[in-house]
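Colleague: coordinates only, no sequence provided:
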């Protein structure tokens, strides 16, 4: 028996990918703003160099991903940082993410890994740059 399919939803996949990227990156960004600026709530741990680096990656990387600029390399870097965070901060507290409080790190890790492979979607500065580059290259081809 074939799986339940909703054919028209496939047409929206690039747009849904953009929405997923924007909302995930916006949420990720607030993890960094908590660490660096105590917003939207104060960070409950003292900042050491590792947490400070994480905060900078979360703020800068989160903003870049919200806008979809350099999305693939940024998402790949953030995926690695979340894998690192999971194993450094959470895995020593047990195997299961729900028990070691590492669910967010694990989910961000694989979400960002997916974005690094799939791209940022159609609503992104990267997609805009590609469309402009395509327009420019087609103008150059017709000129020669």
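Modeller: Nice, thanks for sending it over. Quick caveat, the model's predicted, so the values are computed rather than measured.

Colleague: contacts for stretch 113-123?
Modeller: 14-22, 24, 65, 68, 71-73, 75-76, 79, 126-127 (CB atoms under 8 Å, 6 or more residues apart in numbering). The way it works is simple: take the backbone N, C-alpha and C, and place the C-beta from them, glycine included.

Colleague: now do stretch 10-23
Modeller: 65-66, 68, 71, 111, 115, 118-124.

Colleague: how about it: buried residues?
Modeller: 14, 17, 18, 20, 21, 22 (16 or more other CB atoms under 10 Å).

Colleague: okay, those residues in TSV with pLDDT next?
Modeller: Output for those, formatted as TSV (pLDDT from 0 to 100):
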residue	pLDDT
14	94
17	97
18	98
20	98
21	98
22	98
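
Colleague: list the ones among the residues you listed that fall in helices.
Modeller: Among the buried residues of stretch 10-23, the ones falling in helices (DSSP state H) are 14, 17, 18, 20, 21, 22.

Colleague: before we move on, back to that, which among the contacts of stretch 10-23 gets closest to residue 58?
Modeller: Residue 58 lies nearest to residue 65 out of the contacts of stretch 10-23, by CB to CB, at 10.3 Å.

Colleague: grab the nearest non-local neighbour of that closest one.
Modeller: residue 25 (3.5 Å; CB to CB, 6 or more residues apart in numbering).

Colleague: any idea how far that neighbour lies from residue 60?
Modeller: The spacing between residue 25 and residue 60, counted by CB to CB, to the nearest Å, is 11 Å.

Colleague: more crowded one of these two?
Modeller: residue 25 (27 against 14; other CB atoms under 10 Å).

Colleague: next up, the contacts around the more buried one.
Modeller: 61, 62, 63, 64, 65, 66.
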